[in-house]
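J.: Sequence and predicted structure are below.
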Amino acid sequence: MTPARPDASGGRSPNVRTGRSRGRPILASLVGLVVAISGCATSQSAASQDSAAQGAAQDAASQGAARGSTPQSAPSESAAASAAPGQKTTPPSETSPAKESAHQTTPAGQVPALPSPEAAIPTDPSRLARSLTTTTAELRRAIDAWRRDGDPGRGSPPEPVVLLALHQQRIYRYLVLNPKIASRTYAKLPKALAGQAKDNVTAGRDLRSLVRPISGAAKFRVQPAKPADFLLGHFRHAERRFGVEWEVLAAVMFVETKFGRVRSPSHTGAKGPMQFMPGTWAAYGMGGDIQDTRDSLLAAANYLRASGAPRDYRRALYAYNHSQAYVNAVLLHTRQIKQDIRNYYAYYNWQVFVVTTRGDRRLTGP
């Protein structure tokens, strides 16, 4: 798909430099899950090149979903397990002892302090396991409170959800880049969380394999995502209309543009929240607006249905983006969302990162 870039209707168009720049305006290549993956209507070779360049920059999108037969580089976090259908180069800031610990000590009986956006990520497997276990449990409680007492259909997520989700994401990014430490960490996690961690890390590695770090300068446009339940309503509407499971659509949008945060078109020209090539859009967009969330989700469901879903999601997703790594990652994220809807809300709060030759840079979030 296309890389994530800061800008929005109120978004920003940051210049990313490969030096550390807190993720705002930076000149670099996109890397998050929004990795560049040429989509449905592009040629496979072109897609893979685009994905390499863009993927390096986004952590949120796997560019290419709706562009035809060409694999593009995919994002970072967010393999080969067929999900239900249905670094070593870690930035200094993530391991520096000078940074505050992920969860500061608090008096007994008090709620643990929230992790700061740059809280140090432990490097020892035992401490990593404890940090991931604690962070995930606190994040789930925060999501429950948000859904119960807040309004996920309007406005922004509460601070606890945003900070805990970012910390969880950063832990997984560290594990993606450090496979030996990741393997030792899994053994120290509760069984259920170990399975979730393996899925997230495997998906992250698959997507990162499609990314080529950026060494030069580039502009990326990003914007805030639409409210979580607003998107959920459209996912479910598309499922009712075309029979494509909403969790699959959510996982595709997560990988492609981090739920619409990435606004820049891909190197090959894929556009919109679901990264469609113009030709594919003309065939499956049903006369809608390629930049409109509802129209894009309906078009994606339409295309996936025409390509084999829901009978064969692996085939349909491969048509969306010609990359088995992309397909595996989407299915793994789909499985996690199906296992616990809170994982959807957690992914919703994961941010866009850019992969550069000097390390990863965050473009969105606190």
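T.: Yep, it's here.

J.: quick one: low-confidence ranges for the protein?
T.: Scanning the chain for pLDDT under 70 picks out the ranges 1-111.

J.: how about the strands of it, start to end?
T.: In the chain, strands defined by DSSP state E lie at 15-16, 31-33, 40-41, 58-60, 68-69, 218-219, 353-356, 359-362, listed in chain order.

J.: Direction included, what does the last one pair against?
T.: Partners of strand 359-362 in the sheet, by DSSP bridges, are strand 353-356 (antiparallel).

J.: and the strand it pairs with, which residues are buried?
T.: 353-356 (16 or more other Cβ atoms under 10 Å). Quick note: C-beta positions are derived from backbone N, CA and C, even for glycine.

J.: Surely residue 112 and residue 138 touch.
T.: Yes. Residue 112 is within contact range of residue 138, at 6.7 Å (criterion: Cβ atoms under 8 Å).

J.: Out of the buried residues of strand 353-356, the closest to residue 325 would be?
T.: Nearest to residue 325 among these: residue 355, at 15.1 Å, using Cβ to Cβ.

J.: most residues in a single helix of the chain, which one?
T.: In the chain, with assignment by DSSP state H, the single longest helix is helix 125-149.

J.: Give the buried residues for it.
T.: 125, 128-136, 138-140, 142-143, 146-147.

J.: can you check stretch 271-279 too?
T.: 271-277.

J.: end to end, how far does that stretch reach?
T.: 11 Å (Cα to Cα, to the nearest Å).

J.: cool, stretch 352-361 as well?
T.: End-to-end distance (Cα to Cα), stretch 352-361: 9 Å.

J.: What residues of stretch 230-242 count as buried?
T.: Using 16+ other Cβ under 10 Å as the test for burial, stretch 230-242 gives 231-232, 234-235, 238-239, 242.

J.: Over to stretch 191-202?
T.: For stretch 191-202, a neighbour-count test (16+ other Cβ under 10 Å) marks 194, 196-202 as buried.

J.: go on, stretch 358-366?
T.: Within stretch 358-366, judged by 16+ other Cβ under 10 Å, the buried ones are 358-365.

J.: hmm, back to that, so which two of the buried residues of stretch 271-279 are the farthest from each other?
T.: Greatest spacing in the buried residues of stretch 271-279, by Cβ to Cβ: 273 and 277 (14.1 Å).

J.: could the buried residues of stretch 271-279 go into CSV alongside distance to residue 156?
T.: CSV is the format used below for the buried residues of stretch 271-279 (distance: Cβ to Cβ, whole Å):
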residue, distance to residue 156
271, 25
272, 22
273, 18
274, 23
275, 24
276, 27
277, 32
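
J.: any chance of the buried residues of stretch 358-366 in TSV, plus distance to residue 116?
T.: TSV is the format used below for the buried residues of stretch 358-366 (distance: Cβ to Cβ, whole Å):
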residue	distance to residue 116
358	22
359	19
360	17
361	17
362	13
363	18
364	16
365	12
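
J.: wait, which of these is closest to residue 258?
T.: For the buried residues of stretch 358-366, the minimum distance to residue 258 (Cβ to Cβ) is 7.4 Å, reached by residue 364.
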